[in-house]
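Engineer: based on what follows, work out the 3D shape:
(2 chains)
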2 protein chains.
Amino acid sequence: MHCRKIVYEEYGDPMKVVSLIEQTLPDKLDDEQVLVKMIVAPVNPADINTIQGVYPVKPPLPATGGYEGIGDILAVGSCVKNLCPGDRVIPDGAMGTWCTTGVFDSKLLRKVSKDTNVYALSGISSNPCTAYRMLHDFVSLNKNDVVIQNGANSACGQNIIQLANIFGYTTVNIIRNRPEPDLENLKNHLKCLGASYILTEEELRTTDLFRSGVLPKPRLGINNIGGKSSTEVLRTLNNGGVMVTYGGMSREPVIVPTASFIFKDIQLRGFWMTRWRKENVNTKQYNQMYDELLQLMKDGKLVAPAYKTLPLNSFKEALKNTISSKGFIGHKYFLDLQ
Amino acid sequence: MHCRKIVYEEYGDPMKVVSLIEQTLPDKLDDEQVLVKMIVAPVNPADINTIQGVYPVKPPLPATGGYEGIGDILAVGSCVKNLCPGDRVIPDGAMGTWCTTGVFDSKLLRKVSKDTNVYALSGISSNPCTAYRMLHDFVSLNKNDVVIQNGANSACGQNIIQLANIFGYTTVNIIRNRPEPDLENLKNHLKCLGASYILTEEELRTTDLFRSGVLPKPRLGINNIGGKSSTEVLRTLNNGGVMVTYGGMSREPVIVPTASFIFKDIQLRGFWMTRWRKENVNTKQYNQMYDELLQLMKDGKLVAPAYKTLPLNSFKEALKNTISSKGFIGHKYFLDLQ
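Structural biologist: Presented below is the predicted three-dimensional model:
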């Protein structure tokens, strides 16, 4: 049996080191192995950074790209108990998802419902989990509390909007300015996801939203950009507020006036789902998060971020657009693996 | 009865708005009032900022300067129970200490021992309390854990060195470079206070102290400077470490690489003793802190930072030197009020 997969033998420029190859799959599975026919797999900025060798996670080379995806089981090894041929699964720690068919460790897969949108499901482990944890783990939020985020149109930002809306929080969503009709279209898209307020970075600097008392000051800020954008976010925070950084799309550091720490008691934290997963995998709160997110996806309340699908042959286009978008474009690329 | 006091009728440049006046004291004390003959009072950077009107604490005008000091009680109002004439007291919330004799609310004074150095005692409410809390409230430190601080020769820095040494922590103390023999003298002074390691900012950038494994990476960083100096401090921190900012002597913001938050899980916090006092005054932990610090001072284990004393007439020199030193010179000014 053959498969096609996207591999790299050295770290470097994805446009140069990555190639699509055809490979024969092993005749026989090991005891704990599972053979999965893949359906789709997303291309995440972290995939790019991993290939570039600049990410703290460094898979042994040669490596198959991708750490998220979804597929159906074709066969299982002799000791696999909880999974059967025909089951739909997503990786829960497994790497190398950019393939038409792959062999994975059964312990690194999670069974999911076939009634749920595959684009939503296949990206669950990064953005929805990150959004969920950032809304849970840093500030004990109450209904109608305000959360402010920049890069609100990022894949994670769109999950934050949806989850915050479900949890009853008010969101203030900051996006970069852009020409019409793109700006109006983006605002409409985020509004439909449940965004309470949407402001460009320029609008944030002059808004009366917080000064006028229309809204209480945010208790939680979420930063995906850095630089001036993050300074503007933390300026809006209430005394004792927390700003959590999970990305740095501007490639600029976070800049914090000393007075924010001393007189406003602002806390700055960071979040990285990879570390949280490592420290919490299979705990009660880990499984509770998955149960909750999977149910929301099944009910159609948590949908995939705006996305485009490309065939496996066009993987270079998907990589290139993910690199150049810096997450600002507002759609995520999926590889069609069928 | 007359007193001399340093007052200002408007906020502004301390060199212009502050003057020494003579005033008649009231003939009779109110029920809860206490008449105190002052001994000494420190000049803190926060006093300067208060006079300038740029500090979040804004006393009603006209105001008497100073919020720390020490004196002996001359007389008490009819309802004062816990204090008697002859008692030595420090302010515990009282303002306006830059006077030869003053009338204070009995509830805002704390009785102290006459066997303790008055310079140490009179400054207890800001620097020693700040140092104590920063070493207690942010990281649960164990013996031999490493604490790194910049601006280590500041008045608070000298308290941090002494308290960390008493608590069994190793300190890495960063100071600005300066010509000899000043550098050697300063290093010796800090060494005598109990500093484990003392490095200039240049030495910190190239040190092997942490890379070589001589020392475990610090779990707590303390920042009094901001700008590049604070970035260098947080670079040394262990994963999960906390940097607490309590001052910004460089007047530059704190600059944080995004990766420190995401991949190293560094937390940035702030501390302001004025807020902590307001939220915790008269609680068990508040009194426990005072008991512990007062005992350490009585035992001579916690001494005043390097200081100079000036007569009340020379108050402008004390103000000027406190403004221009920016805390880097390494001595604090006290006004002799006797």
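
Engineer: test my guess that A:Leu135 contacts A:Ile166.
Structural biologist: No. Counting by Cβ atoms under 8 Å, no contact exists between A:Leu135 and A:Ile166, whose distance comes to 9.7 Å. Bear in mind the C-beta positions are built from the backbone N, C-alpha and C, glycine included.

Engineer: show me the contact partners of stretch A:41-59.
Structural biologist: Residues lying outside stretch A:41-59 but in contact with it, judged by Cβ atoms under 8 Å, 6 or more residues apart in numbering or on different chains, are A:8, A:11-14, A:17-18, A:65-70, A:95-98, A:119, A:122-123, A:126, A:155, A:247, A:274, A:307, A:318-319, A:322-323, A:327, A:332-335, A:337, B:263.

Engineer: which of those fall in strands?
Structural biologist: Among those, the ones falling in strands (DSSP state E) are A:Tyr8, A:Val18, A:Ile70, A:Tyr307, A:Lys332, A:Tyr333, A:Phe334, A:Leu335.

Engineer: for those, which one is nearest chain B?
Structural biologist: For chain B, the closest of the ones in strands among the contacts of stretch A:41-59 turns out to be A:Lys332, at 19.4 Å, with distances computed as Cβ to the nearest Cβ.

Engineer: identify the bridge partners of that closest one.
Structural biologist: In this structure, A:Lys332 bridges to A:Tyr307 when assessed by DSSP bridges.

Engineer: near it, how many other residues are there?
Structural biologist: Using other Cβ atoms under 10 Å in any protein chain shown, A:Lys332 is surrounded by 27 other residues.

Engineer: that one and A:Tyr8, how far apart?
Structural biologist: When Cβ to Cβ, to the nearest Å is applied, the distance between A:Lys332 and A:Tyr8 equals 21 Å.

Engineer: returning to what we had before: ok, which pair from the ones in strands among the contacts of stretch A:41-59 is furthest apart?
Structural biologist: Greatest spatial distance in the ones in strands among the contacts of stretch A:41-59: A:Tyr8 and A:Tyr307, 23.4 Å, computed using Cβ to Cβ.

Engineer: more crowded one of these two?
Structural biologist: Each of A:Tyr8 and A:Tyr307 has its neighbours counted (other Cβ under 10 Å); A:Tyr8 has more, 21 against 18.

Engineer: could you pull out the strands for the stretch 1-150 of chain A?
Structural biologist: A:2-8, A:18-24, A:33-43, A:63-64, A:70-76, A:88-91, A:101-105, A:109-112, A:146-149 (DSSP state E, counting those that start in this stretch).

Engineer: packing partners for the second one?
Structural biologist: When contacts are defined as 3 or more Cβ pairs under 8 Å, 6 or more residues apart in numbering or on different chains; DSSP states H and E, strand A:18-24 packs onto strand A:2-8, helix A:315-325.

Engineer: which parts of the last one are buried?
Structural biologist: Neighbour-count burial for helix A:315-325 flags A:Phe315, A:Ala318, A:Leu319, A:Asn321, A:Thr322, A:Ile323, A:Ser325 (criterion: 16 or more other Cβ atoms under 10 Å in any protein chain shown).

Engineer: let's have those residues in JSON lines, adding distance to B:Pro85.
Structural biologist: As requested, the buried residues of helix A:315-325 are exported to JSON lines (distance: Cβ to Cβ, whole Å):
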{"residue": "A:Phe315", "distance to B:Pro85": "87"}
{"residue": "A:Ala318", "distance to B:Pro85": "84"}
{"residue": "A:Leu319", "distance to B:Pro85": "83"}
{"residue": "A:Asn321", "distance to B:Pro85": "82"}
{"residue": "A:Thr322", "distance to B:Pro85": "78"}
{"residue": "A:Ile323", "distance to B:Pro85": "78"}
{"residue": "A:Ser325", "distance to B:Pro85": "76"}
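
Engineer: so of those, which two are at opposite extremes in space?
Structural biologist: A:Phe315 and A:Ser325 (15.5 Å).

Engineer: from B:Gly77, how far off is A:Asp291?
Structural biologist: Looking at A:Asp291 against B:Gly77, where the rule is Cβ to Cβ, the gap reads 66 Å.

Engineer: show residues contacting the one helix or strand A:Asn185 maps to.
Structural biologist: Secondary-structure assignment from DSSP states H and E places A:Asn185 in helix A:182-193. Surrounding helix A:182-193, the residues in contact under the criterion Cβ under 8 Å, 6+ apart are A:152-153, A:158, A:161-162, A:165, A:173, A:175, A:177-178, A:198, A:200, A:303, A:306, A:330.
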